[in-house]
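**Student:** How does the following fold in three dimensions:
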Amino acid sequence: MPRKSADDRKAEILTVTLRLADELGPDRLTTQAIADAIGISQPAIFRHFPSKTALWLGLAERISGMLSAEWQRLLAQEATPRDRLAALLHVQLRQIEANPAIPAILHSRELHAENAELRAAFVAVMGRFQALLVAELQRGRDLGLFRADLAPADGATLLISLVQGLALRWSLGRRGFSLVEEGGRLIELELDLMGAATGAETSKGGPQ
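**Tutor:** Numbers count the residues shown, from 1 in each chain. As a prediction, the model looks like this:
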């Protein structure tokens, strides 16, 4: 069997790390477990990632790259701010469903107490995502699609909280429902609640 290139081996290590972070839990994951799953020696892991911190940062970079690529693809398309918001949130749901270790990593001791660089990396990713949501909510409000009294930053926080809370419920419920389908339904409901009042609602003071 031909020897894998350094880039291919690094990609394989990250793929296996993401899988084992789900199967074993981020806080129980060891480089020995990763090496055993791949069929290489533990020192071979450190030839590609000089420390466990570097391995976690490599994983954060991969997750960030996957999300960023999807965000940019969606933003390049013609769509209303409301449709873009829904699409951006669907990206998060699809990525979590495809990579269920993500919520576990976000709630892990590794991120919160032991690896400040990893925490900073994920804070940066979440900050970029929140900025995208704020921008679309601002555009939508300016176009009259959302309530005039909606603060874009508050709206973004509510939408992100919806995704995070649903992901936690999905994880605790042993993934017994479709995260994308349930999330899609709730996202539409949330965006409807943020929507601008109709003419009838404005003139009568509420829905008919």
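**Student:** From here on, just use CA atoms for contacts and neighbour counts.
**Tutor:** OK.
**Student:** Looking at per-residue confidence, what score does A113 get?
**Tutor:** We have a pLDDT of 84 for A113.
**Student:** Quick check: it vs I105, distance?
**Tutor:** Distance, A113 to I105, using CA to CA, to the nearest Å: 12 Å.
**Student:** Between these two, which has more neighbouring residues?
**Tutor:** In this view A113 and I105 are compared by other CA atoms under 10 Å, and I105 has more residues nearby, 23 against 9.
**Student:** name the element that one belongs to?
**Tutor:** Secondary structure from DSSP states H and E places I105 in helix 101-106.
**Student:** What mean pLDDT does that helix get?
**Tutor:** Rounded mean pLDDT across helix 101-106 is 90.
**Student:** Which elements pack onto it?
**Tutor:** With contacts taken as 3 or more CA pairs under 8 Å, 6 or more residues apart in numbering; DSSP states H and E, helix 101-106 sits against helix 6-23.
**Student:** Report the buried residues of the helix it packs on.
**Tutor:** Buried residues in helix 6-23, counted by 16 or more other CA atoms under 10 Å: R9, K10, A11, I13, L14, V16, T17, L18, R19, L20, A21, D22.
**Student:** can you give me the offset of it from its chain's centre?
**Tutor:** 18 Å (CA atoms, centre = their mean, to the nearest Å).
**Student:** And it, what does it pack against?
**Tutor:** When contacts are defined as 3+ CA pairs under 8 Å, 6+ apart, helix 6-23 sits against helix 31-38, helix 42-48, helix 52-75, helix 101-106.
**Student:** 7 Å instead, please
**Tutor:** Helix 6-23 is packed against helix 101-106, with contacts defined by 3 or more CA pairs under 7 Å, 6 or more residues apart in numbering; DSSP states H and E.
**Student:** count of neighbours near M194?
**Tutor:** 18.
**Student:** and the gap between it and G140?
**Tutor:** To G140, M194 is 10 Å away according to CA to CA.
**Student:** residues shared between the contacts of these two?
**Tutor:** The contact sets of M194 and G140 overlap at F146 (CA atoms under 7 Å, 6 or more residues apart in numbering).
**Student:** Output the contacting helices and strands for the helix or strand containing V91.
**Tutor:** Using DSSP H and E, V91 falls within helix 81-98. Applying 3+ CA pairs under 7 Å, 6+ apart, one finds that helix 81-98 contacts helix 116-142, helix 179-194.
**Student:** what's the closest of these to G165?
**Tutor:** In terms of CA to CA, the element of the helices and strands packed on helix 81-98 nearest to G165 is helix 179-194, at 10.2 Å.
**Student:** buried sites along the closest one?
**Tutor:** Quick answer for helix 179-194 (16+ other CA under 10 Å): L179, V180, G183, G184, L186, I187, E190, L191, M194.
**Student:** cool, stretch 132-143 as well?
**Tutor:** L132, L133, V134, A135, E136, L137, Q138, R139, G140, R141.
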